[in-house]
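J.: dropping the sequence and predicted coords here.
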Amino acid sequence: MIDLTVQSIESNKIKILDVGGGAGIILKDISAYIEKKHDVLVEKNILDLSPGMLKIQKKNNPDVKKILYQDIAKNDLADKEFDLVLIIDVLEHLIEPIKSLKEIGRISKYTIFKVPLENNLLNNSINFLRKNKLKKQLKEKIGHINIYNFQSLKKQIKKHCGEIIDYKFTNVSNYYSSSKLHKQNLTFKTRIINFISKIIFKISPYISSLLFKDFIVILVKCK
């Protein structure tokens, strides 16, 4: 998706805005990849509502151009100011997702989203049996106030942000099963669920996402 974006822009410089980018590692790695593979200069820009996280991002990206302490839904950025906006594990946290999507579409030419797909059969069943406690935990512990499946997410993006150029399900069950960090903490029940999820993913990633949790990465050409 990064290659496709750089090739579509056809410029010797690409302006990236990382929204809610955590420690800034993804921005750092993507920028290094673009400069090495495509021989294109990257201008880094960051936006966040946390001054502390902006400091960490700046530390990991000392060459950052703009540091914006703003809300993506209420910003003073110019139309099409950026070639690419990164929204990585952010959309599910936003208080005004529709307004944010419209603003992202306005300020950028392309956007890459990564979003958890938590509206699935497994989560919904657990939530029902536990009397809405799972949904409450997602909101209170990790701040997920917007819950998506692929269809609802796709509909919002197409209506308010732009045209979906490419997308890919991440197969998170395979990651949990193979990652040393996560593997040692998996319960027997979770191992069984991951095993079934991986089998179904091979048949249909979309169906797997309707049954079990996954993430999706989406490349959008903004309006």
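T.: That came through, no problem. Residues are numbered from 1 along each chain as shown.
J.: check which residues of the longest helix along the chain are buried.
T.: Longest helix in the chain, counting residues (DSSP state H): helix 188-203. Of all the residues in helix 188-203, those buried under the rule 16 or more other Cβ atoms under 10 Å are Ile193, Asn194, Ser197, Lys198, Ile200, Phe201. In this view, the C-beta of every residue, glycine as well, is placed from N, C-alpha and C.
J.: please enumerate the helices of this protein.
T.: 2-9, 25-38, 51-60, 97-107, 121-129, 133-142, 150-160, 172-178, 180-183, 188-203, 205-211.
J.: for Tyr69, find the nearest of those helices.
T.: helix 51-60 (6.2 Å; Cβ to Cβ).
J.: what is the closest one packed up against?
T.: helix 25-38, strand 41-47, strand 66-68 (3 or more Cβ pairs under 8 Å, 6 or more residues apart in numbering; DSSP states H and E).
J.: so for it, mean pLDDT?
T.: Mean pLDDT, helix 51-60: 97.
J.: cool, and stretch 154-169?
T.: For stretch 154-169, the mean confidence score works out to 98.
J.: likewise for stretch 29-45?
T.: 98.
J.: list the buried residues for it?
T.: Buried-residue list, stretch 29-45, by 16+ other Cβ under 10 Å: Ile30, Ser31, Ile34, His38, Val40, Val42, Glu43, Lys44, Asn45.
J.: ok so, going back, show me what the longest helix of the chain is packed up against.
T.: Counting contacts by 3+ Cβ pairs under 8 Å, 6+ apart, helix 188-203 packs against helix 172-178, helix 205-211.
J.: could you rerun that using 10 Å?
T.: Here helix 188-203 touches helix 121-129, helix 172-178, helix 180-183, helix 205-211, going by 3 or more Cβ pairs under 10 Å, 6 or more residues apart in numbering; DSSP states H and E.
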